[in-house]
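# give me a model of this one.
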Amino acid sequence: MARIGVEFGDKQVFQIDDLAKSSGFGKSRIARAAMQIGLAAIREAKTDTRRDEVIAINDLKAIN
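The predicted structure is shown next:
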């Protein structure tokens, strides 16, 4: 597997930690699953404009 330089906000780190503790899965597995779910949602966008909106909206949600 390749490593990519991704910075997660405190909110995501806390959520990943909580899920790891409650599920028994490792943090990396949870982050990979979340990334796959998020990428699928982005790919489902029917237009470039909608894709860009999905990215922008969810990026804002992630940092707030």
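
# elements contacting the helix or strand hosting Leu39?
Per DSSP states H and E: Leu39 is located in helix 27-43. Of the remaining helices and strands, those touching helix 27-43 by 3 or more C-beta pairs under 8 Å, 6 or more residues apart in numbering; DSSP states H and E are helix 10-23, helix 48-63. Where you see a C-beta, it was placed from the backbone N, CA and C, and this is true even at glycine.

# any chance of TSV for these, columns mean pLDDT and mean neighbour count?
TSV is the format used below for the helices and strands packed on helix 27-43 (pLDDT from 0 to 100; neighbours: other C-beta atoms under 10 Å):
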stretch	mean pLDDT	mean neighbour count
helix 10-23	95	13
helix 48-63	94	11
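
# list the contacts of stretch 50-64.
Identification of contacts with stretch 50-64 by C-beta atoms under 8 Å, 6 or more residues apart in numbering yields Gly9, Lys11, Gln12, Gly38, Ala41, Ile42, Ala45.

# off-centre distance for that stretch?
Here the centre of stretch 50-64 is set off from its chain's centre by 11 Å, with C-alpha atoms, centre = their mean, to the nearest Å.

# want to throw the helices and strands packed on helix 27-43 into TSV with distance to Ile30?
Output for the helices and strands packed on helix 27-43, formatted as TSV (distance: least, C-beta to C-beta, whole Å):
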stretch	distance to Ile30
helix 10-23	5
helix 48-63	15
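
# alright, that wraps it up for me.
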